[in-house]
Structure formats: C-alpha cells, structure tokens
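Participant: what's the 3D shape of this:
(2 chains)
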Amino acid sequence: MARDPMTPSTSSAADAVSPAPSPAARPPGALARFLDGDVWHSFRTSPMAIGAAVIALFCVVCALFAPWLAPHNPLDLASLDLMDARLPPAWDAEGKAKYLLGTDDQGRDILSALMYGTRISLFVGLASVALSLVLGVGLGLLAGFVGGRIDGFIMRVCDVMLSFPSILIALLIDGVGRALVPQGHEALAFVVLIISISLTGWVQYARTVRGSTLVERQKEYVQAARVIGVSSARIMRRHVLPNVLGPVLVLATIQIALAIITEATLSFLGVGVPPTSPSLGTLIRIGQDFLFSGEWWITIFPGVVLVMIALSVNLLGDWLRDALNPRLR
Amino acid sequence: MIAFVLRRLLQALVVIAAVAFIAFMLFQFVGDPVTNLLGQDATPEQRQQLRADLGLDQPFVVQFARFAGNALQGEFGISLRQGRKVSTLLAERFPATLELALLAAVMAMLMGIPLGVYAALRRGTFMSQAVMTGSLLGVSLPNFLIGILLILVFAVLLKWLPSFGRGDVVALGPITSALLTVDGLRHLILPAFTLSLFPMALVLRLVRSEMLEVLRTDYIKFARARGLPDRLVYFRHALKNTLVPVITVTGLQLGNIIAFAIVTETVFQWPGMGLLFIQAVQFADIPVMAAYLCLIALVFVSINLVVDLLYFAVDPRLRIERSAGGH
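Facilitator: Down below sits the predicted model:
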C-alpha cells in the first residue's frame, strides 16, 4: 500500500486510454499516490491509529513467528507433563516461572497455545476475507457494469442473505459442509470453515462495489475507453476496478475483525477448526469448563487476546474510513 | 396501499419458498435417508423397497411438493441423532427460546432508550461519553465472551446467580415457562442480559442520534419559546417522534436476537432451539437443521413483514412517497 511518492508510476499512466481531457478523469496512479500521502499524514497524527497498529502488529508478529517465539510447543503432545496441569500464572504463588500465563488441563503452556491459536485465528480470518473480497468485488463489478438480469439476480441474492444474521448463514453452510465432508479430514475442515465465513461476507463488498461501479460507469473515461474499442472485461478490470477500491479497503479492514470473531464463535460452538489445531475460540471453549473450579486463566487470556485483535483492527478500520473520506477532513 | 402490501406478501412468500427449497435440497443431497434408516449392510432389495415406501423413486417435483406439504403441517421427519420426531423436539424447545428472546428485547428497550435520551441531552459530559464508549464495547465484544465474563463474575466469584440450565419451570398447558418461578427468573437473568447487550447498544445509539436530530427542529424550538418545561419538551414532544424508528429497529432485531440465542444458549446451556440446532450442526442431523431453518425463516419473514406494514401505517410521509413514485 505504501507507495514511494517520488517514483511516478508511469505504467498506470501510460495505460490510461485517454490523455485525461478533464480533471474528473485523472489517471488512477496519481489519485492513489495523492491518497497515500494524505493517509500517511493522517496516520502519523492520530495516536489512536498508531496505538491500534502497534497492538495489531504485535499480535501478527507473535502469531507469525510462533514456532520461534513461543517458549513451548503446544502441539507436541510428548512434551506435555500432566504434573504441570492447571498451573496458575507465574505471578501467582502456586505458579511456575516456566509457564508465564499458566497451563491448561493437559499441562499445555497457555502463552504458547495463545501464540499458535492466534496464528490459526488470523489465518482463517484473513483467508476468508480474501476469498469473500474476490467473490464480492467480482460479482459487484459484474452487477454494476453489466446490469439487467444479472444485476437483478445478484442483488436479490444479496437481499435475502442480508435479511438473515451472518452467524446463522455461516453456521448453516458449515453444517452442510460438515455433512458432505467425511469426518476426520482436518484440511477439509479448514476449507469448509473458510468457505462458510467468506460466503457470508461477500454481500457487503458486492453492494459497495456495485454502487460505485454504477457511478463510475457514467463517467467520461469509461465512455472514452468504449469509443476506442476497449473490451468490457478490460474496462472493468483496468479502469473501473481501481476507482472503486477505496471503500472496499475500509470494508475489508472491518471485515477482518468480523471474520476473526465469527471464526472464534464457530470454534467456540464446536463447529469451527478441528480440535487438534486449536484457535482462540477453541481455547475459550476448552477453558469454559474450568471456570467453575476457579481456573479462570485458561479461558480469560484467549478472550483478552481475541478482544485485543478485534478492537485494534476495528479502530484501524474506523481511522481508515475517516482518512479516506475527503468530506470529513 | 394494497399494491404495496401485496408486493411485500409476495416477496415474503418467495423467500419462504427459496428457504424451503434449500431445506429440501439438504434432504436430497446431504446424507442418504435409506442408509440412515437401514444401516450399511441392508440388501439391495430392502433398499429398493424402502425407497418405494418413502416415495424416493418418484419425480423430483412430486417429492418437493410432498416435502412442502409436510413442512406446512410442521412435519420434518425424525431426528437422526435422537430418534424422535423433529416437530416434537422443536415444540419442546421453542418456549425456552421465545421467553429468552422476548425478555432480552424488553431489557434492550428498557435500558437502551433512557440511556440514549440521557446521552443526547447531556451531550459532551463525561457520563454520556462513558455511555457511548460502553455501547461501542457492547457492539464489538463477541457475545459468548460477554456471557463467560458474566458467569465468572456473578456465578463463580460472587455466587449470586446460577450459570446454566433453566431452573424450575411451570407448565402452562403444552408450553413451559421459567418466568413464573423465582428459580426460573434467577436462571433467566444472565442469559437474557447477555443477549440484550447488542440490541441495547444499537437502540441506545439510534435513540441518541434521533434525539439530536429532533432537538434541532423548529417545533422543538417553538415549544421552548412557548415556555414549556424541559421535561415536557424532551419527553412528550421530542422522544415521541424518535420512537418510530426505534420500534422498527427493535422489531427487526428480534430476529437477530433469536439467531444469536444460539450462542447464548450454548454458553449458558439454556435448553432452547439454538442449543438443539448447534447440536444438529455438530452431528450433521439434517432433519433438525432443515426444520430449524424453515422455522427461523418463517419468524424472520413475518417480523420483517409486520415491521414494514407497521412502519407504513405509522409514518404518513412514506405513503405519499410510495404513491407518487410508484409505477
């Protein structure tokens, strides 16, 4: 995203079919660079955005380098010692310094489990957002640009999906997927989960992109491209798409938080990731059983991490929306 | 007016039909009922016989018509996991979810509206800022986490309230209710509060923004100029005009509340439809899933329809716009 403002992106300027006859038809490269400069400035002057970015980055780094950073390997069953089960955090009198945030019922180090769990949560969240982004932007472009029956059909599907809560649709698709896929296929369980989350998320992108496409379609640069005989597919891809991506970017940021929470909810309900690779939601689910015997750390720490990620990503999304909206400046 | 009602009714029917079709496809393509009923080692003759008995050898359209006819009578077959009729299972569970959802909706309005009015009238003060920040947390915190925190505080640490189950229930004819016993009410508080937080935050924010809108209008200024006391201006003139969208949103949220009851019921082991559904998803129990899907669709579509019609009846501006722009 951060593009060096000193090097003009000649490729996109040369690609513009018309030599920009009016100010309304700027080449996309210039617009993007203009936004980049401003966005960067607004980021530097917003303590909230910097704070959120630091927290989010911290979580991402911990997750990404979990195998090297984590003090123990929670997935290696041989290293678990049942004698160390249910130890409180290290600052508690009964805790051991070896396990900073305590251990769960199998003697697994909570801190390490958190790092690996965040890794899985982030992976599922990002993958499903990416999938729904591609699907939603594609269908939205198609609906807005082609119009007619295709538009009507896609929008009716959106309407029906929007009238049901997303968690219900995700649960349903997940349930169907689980019925179709034979039990015990771990990789397939991930695929089913990612597909069910992304199939609920694409509607937002499709509606946003369709709206902007309807506006862009009327503009002179699209007509100019048509006149010189550029194909519809190429106009959509090279000329309309870059101009409708701004709001999509904001939406995607917020949807990442939503996807991570949906994944956690599904895993908490026991229909998410397979139990052998626990995500944050699975960890919370496991910990809930021990709440009553006073072992709060097994469930509270994953909860805190989940809230931290969701809140920081949401704050970043809010900031990005304000930063990209020229009317609010 | 009549054209509008008819169009809405038609749309509702289309949605219901689409959902029923999806439910039917679930039966058709997910899992084989013959294998489920006879087991793996049945002879081909037995299978053929059962297929004919169940009508599975008939054309697709005939089967769908039969499915729809049964669904209209509330019959969805037998649960694969529990071996009991799905309609009985759902009928047992429905009252529990209904009372949970209704109480949550009432709580959301009773807390959300006063807090929203407060945040609008005392705009900029520390307390109203705190209320707004709290409402943001209510929207962004995952529902199940709030439930777990409430259990930790009120059930485990303070030991004030029970944390799971429905407690003592009173049978009122075919339905049971936990609202009439002290024990049942104690069991209801935590799950209902958990469930009410999200719609409460929505109502709060909506009331606040609507109040701020209304307070700027001329008739409020005029009411003030007439020298009416603040209390009368705020509550009789301003609040009344904010309530139409609030009722609409709460009505629409009722569907969301019923759906989110799946999560809350799991956290609190509340024996409602949501818990039944999540167990059905875990075990791929298609008849229960299909029945729940159809029931929820029916609830959603009727709520949407009623709210639409109410809105239309209450707000005369909508009628004028519709008839002017209608074609």
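Participant: Please count neighbours and contacts with C-alpha atoms only from this point.
Facilitator: Will do.
Participant: any idea how far chain B is from the closest residue to residue A:321 other than its chain neighbours?
Facilitator: Excluding its sequence neighbours, the residue lying closest to residue A:321 (C-alpha to C-alpha, 6 or more residues apart in numbering or on different chains) is residue A:250, at 5.6 Å. Computed with C-alpha to the nearest C-alpha, to the nearest Å, the distance linking residue A:250 and chain B is 17 Å.
Participant: And for residue A:250, the neighbour number?
Facilitator: If you count neighbours by other C-alpha atoms under 10 Å in any protein chain shown, residue A:250 ends up with 20.
Participant: For it, which residues are in contact?
Facilitator: Residue A:250 makes contact with A:317, A:318, A:320, A:321, according to C-alpha atoms under 8 Å, 6 or more residues apart in numbering or on different chains.
Participant: ok, 10 Å please
Facilitator: Residue A:250 makes contacts with A:314, A:316, A:317, A:318, A:319, A:320, A:321, A:322, A:323, A:324, as judged by C-alpha atoms under 10 Å, 6 or more residues apart in numbering or on different chains.
Participant: Do me a favour and average the pLDDT over the helix ranked longest in chain B.
Facilitator: For chain B, the longest helix by residue count, based on DSSP state H, is helix B:86-121. Helix B:86-121 shows a mean pLDDT of 87 in the predicted model.
Participant: Packing partners of it?
Facilitator: helix B:126-140, strand B:175-177, helix B:182-215, helix B:239-268, helix B:273-282, helix B:286-314 (3 or more C-alpha pairs under 10 Å, 6 or more residues apart in numbering or on different chains; DSSP states H and E).
Participant: I'd like these as CSV, with mean pLDDT, distance to residue A:110 and mean neighbour count appended.
Facilitator: Formatted as CSV, those follow (pLDDT from 0 to 100; distance: least, C-alpha to C-alpha, whole Å; neighbours: other C-alpha atoms under 10 Å in any protein chain shown):
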stretch, mean pLDDT, distance to residue A:110, mean neighbour count
helix B:126-140, 81, 25, 16
strand B:175-177, 72, 41, 17
helix B:182-215, 86, 27, 22
helix B:239-268, 82, 22, 21
helix B:273-282, 86, 26, 23
helix B:286-314, 81, 35, 20
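Participant: looking at the ones you listed, which is closest to chain A?
Facilitator: helix B:273-282 (4.7 Å; C-alpha to the nearest C-alpha).
Participant: the inter-axis angle of the closest one versus helix B:86-121?
Facilitator: 120 degrees (axes from the mean of the first three to the mean of the last three C-alpha atoms, to 10 degrees).
Participant: and helix B:273-282, does that touch chain A?
Facilitator: Yes. Judged by C-alpha under 10 Å from any C-alpha of the partner chain, helix B:273-282 and chain A are in contact via B:275, B:277, B:278, B:279, B:280, B:281, B:282.
Participant: I figured the last one was touching residue A:270, is that so?
Facilitator: It stands for residue B:282. Yes. With contact defined as C-alpha atoms under 10 Å, residue B:282 reaches residue A:270; the gap is 7.1 Å.
Participant: Does residue A:254 lie in a helix or a strand, and which?
Facilitator: Secondary structure assigned from DSSP states H and E places residue A:254 in helix A:241-269.
Participant: For chain A, see how far away residue B:100 is.
Facilitator: 18 Å.
Participant: need the contact list for the closest residue to that residue other than its chain neighbours.
Facilitator: In this structure, residue B:100 finds its nearest non-sequential neighbour in residue B:192, 5.7 Å apart by C-alpha to C-alpha, 6+ apart. Shown in contact with residue B:192 (C-alpha under 10 Å, 6+ apart): B:99-108, B:147, B:257, B:261, B:264-265.
Participant: Check those residues against residue B:292 and report the nearest one.
Facilitator: Set against residue B:292, the nearest of the contacts of residue B:192 by C-alpha to C-alpha is residue B:261 (13.0 Å).
Participant: That closest one: what's it in contact with?
Facilitator: With C-alpha under 10 Å, 6+ apart, residue B:261 has these contacts: B:97-98, B:100-101, B:104, B:143, B:191-192, B:194-195, B:255, B:267, B:270, B:272-275.
Participant: Any regions of chain A where pLDDT drops low?
Facilitator: A:1-38, A:77-86, A:90, A:93, A:95-97, A:182-185, A:325-329 (pLDDT under 70).
Participant: Grab the most central residue of it for me.
Facilitator: Nearest to the mean C-alpha position of chain A, counting by C-alpha atoms, centre = their mean, stands residue A:256 at 2.3 Å.
Participant: Now do the contacts for that residue.
Facilitator: Applying C-alpha under 10 Å, 6+ apart to residue A:256 gives the contacts A:122, A:124-130, A:201, A:262, A:309-310, A:313-314, A:317.
Participant: Can you tell me which residue of the stretch 101-250 of chain B sits closest to chain A?
Facilitator: Counting by C-alpha to the nearest C-alpha, the stretch 101-250 of chain B gets nearest chain A through residue B:156, at 5.9 Å.
Participant: and the helix or strand encompassing residue A:193, does that touch chain B?
Facilitator: Per DSSP H and E, residue A:193 falls inside helix A:186-217. No. Applying C-alpha under 10 Å from any C-alpha, one finds helix A:186-217 separated from chain B by no less than 12.3 Å.
Participant: Let me know the angle separating that helix from helix A:241-269.
Facilitator: 150 degrees.
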